[in-house]
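# Next comes the sequence, and after it the predicted model I'd like to discuss.
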Amino acid sequence: MAVHRLQLLPGEEVLVDIRPHWSFLSGPLAISVIVIAIGVALDFGIPHTSVESHWIEGSVVAIPCLWLAARVLRWRTTSFVVTSVRIVEQWGVMSYHQSETMLSHIVSVTATQTLLRRVIGTGRIEFEILGDDQIRWIDDVPKPMILRRVINRRLPPFPSDPEAGWG
């Protein structure tokens with residue numbers, strides 16, 4: 001998917017390359033379907049309307065459809081790559097953005113899912129980064145529990161002496 005845009009370091013291998021879960025598209029898709037259904041119902045329910053009212057109706061229907069098209073484009077251009085050395089998140093339609101975190105700087109990884117998200121197989125991955133008070137997260141990750149396991153297996157071991165630090 002997005003590995004072609006990612007410059008791999010020497011000796012680095014790609015472990016996971018995924019897009020956001022399809023539920024990322026569910027909100028705009030549901031609203032688009034509802035608005036289209038209402039537009040079709042109005043066309044059949046009120047058959048003899050003016051051209052101006054059809055233009056207004058078409059404009060109202062087009063707005064959620066454009067939102068859906070923009071969300072699909074954003075979904076297609078977003079990727080989450082886990083390599084043997086780092087975690088890279090890439091996104092961007094008009095401009096390209098890339099955020100990367102070295103695995104050696106990650107203190108802990110947490111996967112969270114609500115009941116609904118657990119049923120559909122998506123969730124959030126949270127990273128606690130060494131020396132940073134904030135937690136980074138990535139939403140709409142497919143199979144977050146499995147992804148957490150993959151990342152945890154690549155994390156460096158904790159130091160045996162807490163005074164020694166992460167050196």
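It's in.
# Provide a list of residues in contact with the residue most central in space within the chain.
The centre of the chain sits closest to P20, judged by Cα atoms, centre = their mean, with a distance of 3.5 Å. Contact analysis of P20 by Cβ atoms under 8 Å, 6 or more residues apart in numbering lists 75, 78, 80, 139-142. The way it works is simple: take the backbone N, C-alpha and C, and place the C-beta from them, glycine included.
# for Q113, same thing?
Neighbours of Q113 in contact, by Cβ under 8 Å, 6+ apart: 122-124, 144-145.
# What's the ChimeraX line that selects buried ones from those?
Applying 16 or more other Cβ atoms under 10 Å to these, the buried members can be selected in ChimeraX as follows:
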select :122,123,124,144
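# Just give me the closest of the contacts of Q113 to W67.
Nearest to W67 among the contacts of Q113 is T122, at 20.2 Å by Cβ to Cβ.
# that older thread, I'd like the contacts of Q113 written out as a markdown table, with distance to P64 and secondary structure added.
Formatted as a markdown table, the contacts of Q113 follow (distance: Cβ to Cβ, whole Å; DSSP: H, G, I helix; E, B strand; the rest coil):
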| residue | distance to P64 | secondary structure |
| --- | --- | --- |
| T122 | 22 | strand |
| G123 | 26 | strand |
| R124 | 26 | strand |
| P144 | 29 | helix |
| M145 | 33 | helix |
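# which one of the contacts of Q113 sits closest to E89?
Among these, and counting by Cβ to Cβ, the member closest to E89 is R124, at 13.0 Å.
# so that closest one touches A111, yeah?
Yes - if you go by Cβ atoms under 8 Å, R124 and A111 touch, sitting 7.2 Å apart.
# Which neighbours do those two have in common?
With Cβ under 8 Å, 6+ apart as the test, R124 and A111 both reach 141, 144.
# Great, nothing more from me.
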